[in-house]
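A.B. asks: okay, sequence plus prediction incoming.
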Amino acid sequence: MSETSRSQAHAHRDLPEGAPGPLGTRGTAGRRTTAGVSELVGAALPLIAHWLPTQRWYAGKGRAITGLTPVVGTPLQVGDPTLLHLLLRVEHGTGPAAQDDIYQLLLGIRSQEPSGIGPAAVLGRLAGGGPHDGAVLYDAVHDPELTGRLLEHLATGDRFGALSFRRTPGPGLPGNLPGRASTAEQSNSSVIYGTSFILKLFRRISPGTNPDLELSLALSRAGSTRIPRVAAWFESRLERSEPATLGLLQRYLPDAEDGWELALDQVARLKGDPTPGNFAIEAHRLGRATAEVHRVLARSMPTARLDRPEIDRLAGAMADRLDSAVAAVPGLLRYRSALRGAFQQLTADHLEGLPVQRIHGDLHLGQAMRTPHGWVLLDFEGEPAKPLAERRLPQPALRDVAAMLRSFDYAAAHLLAGAPGPDPELAHLAAAWAARNRAAYCAGYTAGGGMDPAGAPELLRALEIDKAVYEVVYEARHRPSWLPIPLAAINRLALTV
Ligand SMILES: Nc1ncnc2c1ncn2[C@@H]1O[C@H](COP(=O)(O)OP(=O)(O)O)[C@@H](O)[C@H]1O
Ligand SMILES: O=P(O)(O)O[C@H]1O[C@H](CO)[C@@H](O[C@H]2O[C@H](CO)[C@@H](O)[C@H](O)[C@H]2O)[C@H](O)[C@H]1O
């Protein structure tokens, strides 16, 4: 069966109870009748099947879609334009090898293409002869009016069918701000409201509370100023599972500078600028901020200490991830034995009793924003490719430190990637920049009350390798021209084993 015809076959099934409402008149959203939504979704599925694989946040790249099944459809506005919230199951493969993911889509439907919307956000014109025949279907994240509607729901804290909108206590939310789609390169999609709020719409959805909401709420409630305050969120019932987090509204930091951009700017000055800046001061402050966040998380969420079986599991999981990565990127094979050697050095002698706690899970310079009041950390979702249950496990806090150390290496390596040919002098400057900032970050982390990373060199190296292995797969999948950056790190780290 072709992708499109299979999609249509699934669409003829009615949507589940409590999900959709009839697309008749404004204000009918959320009722338990399914006919109008099923028809609209049926007409949309063939367009979705073509558009989905072109999206950056789509995790199924390279795997054929074998089925599209609507899970929950909720009309949030009805008329012209219509706003349809859709959770969609995307199936890959068949039989025992079958896998599936659920994605969140926010679909706009208008009789005319909205002005100012880029072609990449347009899925096409609906066909099928229904009431929306000929209307334009598009990604509503790019429609200020419709994302404004979503903010209204968050502001009132109401329920629509399977969707629940929740607010944190505190000042009310403005319900009438138009949203603009963020242009940041990201794993999900964000909408910015004026200079006040930013709403992240999680794209790949798993049952349960997303760690970004869980940890941001814990930090907000503990009064931490190292994250943007949580203002609201929304979630959905998902078949018979616990509710899944769909979106997170936080204070927008209008004066913040992205740590990755700041670092790149400093690195670029290495090419003969007579006044190179001193990023090491910032790296030190960032280390302190990381330690501060870790301290609050350790106080407000469960902690434990590593015992022998846990140490074996930690090392075993790293070796398993390496093996999967080797299967995906065969260029890693030549390093396999050395890297496994580094994981085998994680023994009870070194690690028994080491504290573990909830951590950021995917820390890098692009997740750190420098504000007039200091560094703020974003996006506590963890590595998007890992299952949610795994991302919620307590970890050695040094995992975040190792991840940030990789980021200094990335920033330095980026300079070399842009050079027209081999440039040993530039390579030396870049390596020295990375070393200086990595050391400053670690010193800041220790000064801020974190564990001295130099006190656990085997663990730090294993964690850096584990992260670089993840990066190899990430780059191979999303940015193949960046693959040499983590591969060079793997080469370097393998030589130290
Ligand atoms: N509260 C905020 N204030 C200002 N900019 C933000 C804020 N939250 C996110 N951003 C910007 O959006 C980008 C993507 O956010 P992030 O939470 O990392 O999304 P994703 O999980 O989709 O990668 C960040 O790198 C930052 O540039
Ligand atoms: O989208 P997220 O921010 O949640 O994280 C994913 O994308 C990151 C890239 O945007 C990726 O980070 C890697 O590239 C960064 C430079 O762009 C570098 O600073 C990081 O050290 C490197 O890991 C991250 O791994 C991925 O999960």
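C.D. replies: Yes, it's here. Ligands and ions are numbered 1, 2, ... in the order given.

A.B. asks: please make it C-alpha for all contacts and neighbour counts, starting now.
C.D. replies: OK.

A.B. asks: point to the residue nearest the middle of this protein.
C.D. replies: residue 187 (4.4 Å; Cα atoms, centre = their mean).

A.B. asks: for residue 108, give me phi and psi.
C.D. replies: Dihedral pair for residue 108: phi -100, psi 150, per degrees, to the nearest 10.

A.B. asks: for it, report the pLDDT, please.
C.D. replies: Here, the pLDDT recorded for residue 108 equals 97.

A.B. asks: these two touch, right, it and residue 79?
C.D. replies: No. The pair residue 108 / residue 79 is not scored as a contact, 10.5 Å apart, by Cα atoms under 8 Å.

A.B. asks: between these two, which is the more surrounded one?
C.D. replies: Neighbours were counted for residue 108 and for residue 79 using other Cα atoms under 10 Å; residue 108 has more, 27 against 14.

A.B. asks: could you find the closest non-adjacent residue to whichever residue of the chain sits closest to ligand 2?
C.D. replies: At 3.2 Å from ligand 2, residue 407 is the closest residue in the chain, using Cα to the nearest ligand atom. Leaving aside its chain neighbours, residue 407 sits nearest to residue 364 (5.4 Å; criterion: Cα to Cα, 6 or more residues apart in numbering).

A.B. asks: do the same with residue 248
C.D. replies: Residue 248 sits nearest to residue 233 (Cα to Cα, 6+ apart), 4.4 Å away.

A.B. asks: residue numbers of this structure in contact with ligand 2?
C.D. replies: By the rule Cα under 6 Å from any ligand atom, the part of the chain lying against ligand 2 is 186, 187, 362, 364, 365, 366, 383, 406, 407, 410, 471.

A.B. asks: buried subset of these, written for ChimeraX?
C.D. replies: The ChimeraX selection below is limited to those of the residues of the chain next to ligand 2 classed as buried (16 or more other Cα atoms under 10 Å):
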select :187,362,364,365,366,383,406,407,410,471
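
A.B. asks: and ligand 1, which of the residues of the chain next to ligand 2 reach it?
C.D. replies: Filtering the residues of the chain next to ligand 2 for proximity to ligand 1 by Cα under 6 Å from any ligand atom leaves 186, 187, 366.

A.B. asks: could you give the average pLDDT over the strand or helix carrying residue 437?
C.D. replies: Secondary structure assignment for residue 437, by DSSP states H and E: helix 424-447. The pLDDT scores in helix 424-447 average 94.

A.B. asks: with just CA atoms, put the helix or strand just after it into PDB.
C.D. replies: The helix or strand immediately downstream of helix 424-447 is helix 457-478, counting by DSSP H and E. Taking Å, rounded to 0.1, in the frame of the first residue of the first chain, the C-alpha atoms of helix 457-478 are listed here in PDB:
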ATOM      1  CA  PRO A 457      38.700  11.800  35.300                       C
ATOM      2  CA  GLU A 458      37.600   8.300  34.200                       C
ATOM      3  CA  LEU A 459      33.900   9.300  34.600                       C
ATOM      4  CA  LEU A 460      34.300  12.700  32.900                       C
ATOM      5  CA  ARG A 461      36.100  11.100  29.900                       C
ATOM      6  CA  ALA A 462      33.400   8.300  29.600                       C
ATOM      7  CA  LEU A 463      30.700  10.900  29.700                       C
ATOM      8  CA  GLU A 464      32.400  13.100  27.100                       C
ATOM      9  CA  ILE A 465      32.800  10.000  24.800                       C
ATOM     10  CA  ASP A 466      29.100   9.000  25.400                       C
ATOM     11  CA  LYS A 467      28.100  12.600  24.400                       C
ATOM     12  CA  ALA A 468      30.300  12.700  21.400                       C
ATOM     13  CA  VAL A 469      28.900   9.300  20.200                       C
ATOM     14  CA  TYR A 470      25.400  10.800  20.500                       C
ATOM     15  CA  GLU A 471      26.600  13.800  18.600                       C
ATOM     16  CA  VAL A 472      28.000  11.600  15.800                       C
ATOM     17  CA  VAL A 473      24.500  10.100  15.300                       C
ATOM     18  CA  TYR A 474      22.800  13.500  15.700                       C
ATOM     19  CA  GLU A 475      25.000  15.100  13.000                       C
ATOM     20  CA  ALA A 476      24.800  12.200  10.600                       C
ATOM     21  CA  ARG A 477      21.000  12.500  10.800                       C
ATOM     22  CA  HIS A 478      20.500  16.200  10.900                       C
END
